[in-house]
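Q: below: sequence and its predicted model.
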Amino acid sequence: MNILDLDHSLTAQAPIAKLLESGRAKRLDLLDLGPKLRLWSSERTWLRFCERLRQRPRHSGPQPEIFFVGSGDYHHLTPAFLTDLPEPTSLIHFDNHPDWVRFAPRRHCGSWVNQALKLPNIQRIVTLGPCSEDLQNPQLKGGNLSALSRGVLQLFPWQHAPSRIWGRVGDGAGHRQQENLLHWHNLADLDWPAFLQQLIASLPTQAVWITIDKDVLASADAATNWDQGAMRLSHLVQAIRMLAADKHILGIDICGDYASPGFSNVLKRWEARSDQPPAERWSEADLLHNAATNQTLIELFEELFP
């Protein structure tokens, strides 16, 4: 496993510290780049990050490569993990936000899905779990509905009211269009194991990469820098188990740990204050949920991928 130390959010947690002490994980020191990468990145800083990532110990063997990344403010690093995939791959994306905004900078935690869709071996992205306001009037907020229309992107909210749109998007795996509304197939209303079985059977590839932002989880299971979803950790664990049983998991990256604000410029500080809930909503006890969830995920990964 790889611990990308961008913001101190991981190494202070006992489960991560034990991983590192035992040699079961390697720490990549990126603290100098963290503030410049957080929320969004210039292309110059992005290239510096990619070069540092290439310097990590090389992964070999049939087991997936696993990255713990820190705050969800770094989810736009995921495409860097996907650039050298050896075969056509489906990306399974757990998140409280669709991260599909076309107005944002190219390397932005709210727009990275669009960059991943351009990678040659990414055949489909399936986003699971959003509850956020991003799906209210998504076109006005820059949502990539054309990818949804083409079927290269599928989106299944955990629970969301119909989204108002204009023009023709058409029906998809996770929605149906009725006049100027997209009616979502909300996961909270479905039989979760049956849904997962159907989803896995429908994927166009045998290879899968899993990317997780823990803000998809209810606040009982995680405390993040963003607004929380409603999926429970047990749902996430079951999904990983079923994917691992039927598919070849090439890799997994996990973000969504809480990190104290630390940004490289005033624009990022303004964006964080504008878009993110106040940090004061979390108590010290709330933040302990992150370590407990990471412990569960570590135990799951070591069981499934010994």
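A: That came through fine. Numbering: from 1, shown residues only.
Q: buried residues in the helix or strand of the chain with the lowest mean pLDDT?
A: Counting by mean pLDDT, DSSP states H and E, the chain has its least confident helix or strand at helix 266-275, which shows a mean of 76. Residues Lys268, Glu271, Ala272 are the ones in helix 266-275 that count as buried (16 or more other Cβ atoms under 10 Å). (Glycine included, C-beta is placed from N, CA and C.)
Q: could you save those as CSV and add columns showing distance to Thr293?
A: As requested, these are exported to CSV (distance: Cβ to Cβ, whole Å):
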residue, distance to Thr293
Lys268, 26
Glu271, 26
Ala272, 23
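Q: which among those gets closest to Asp215?
A: The shortest approach to Asp215 among the buried residues of helix 266-275 belongs to Ala272, at 14.2 Å (Cβ to Cβ).
Q: just checking, the closest one touches Trp40?
A: No: assessed by Cβ atoms under 8 Å, Ala272 is found out of contact with Trp40, at 10.9 Å.
Q: any idea where the helices of the protein begin and end?
A: 14-22, 34-37, 43-54, 78-81, 112-117, 145-150, 192-202, 233-246, 266-275, 284-304 (DSSP state H).
Q: nearest to Leu91, out of those?
A: Nearest of the helices of the chain to Leu91, taken as Cβ to Cβ: helix 112-117 at 6.1 Å.
Q: other SSEs contacting the closest one?
A: Applying 3 or more Cβ pairs under 8 Å, 6 or more residues apart in numbering; DSSP states H and E, one finds that helix 112-117 contacts helix 78-81, strand 122-128, helix 145-150.
Q: could you give the angle of the second one to helix 233-246?
A: Which is strand 122-128. Calculated by axes from the mean of the first three to the mean of the last three Cα atoms, to 10 degrees, strand 122-128 forms an angle of 150 degrees with helix 233-246.
Q: any idea how far strand 122-128 is from the chain center?
A: In terms of Cα atoms, centre = their mean, to the nearest Å, the centre of strand 122-128 is set 11 Å apart from its chain centre.
Q: quick one: contacts of that strand?
A: Here strand 122-128 makes contact (Cβ atoms under 8 Å, 6 or more residues apart in numbering) with 82, 85, 88-95, 98-100, 113, 116-117, 147, 151-156, 158, 187, 199, 203-205, 216, 231, 239.
Q: can you flag the buried ones in those residues?
A: By 16+ other Cβ under 10 Å, the contacts of strand 122-128 give 82, 85, 89-95, 98-100, 113, 116-117, 147, 153-156, 158, 187, 199, 203, 205, 216, 231, 239 as buried.
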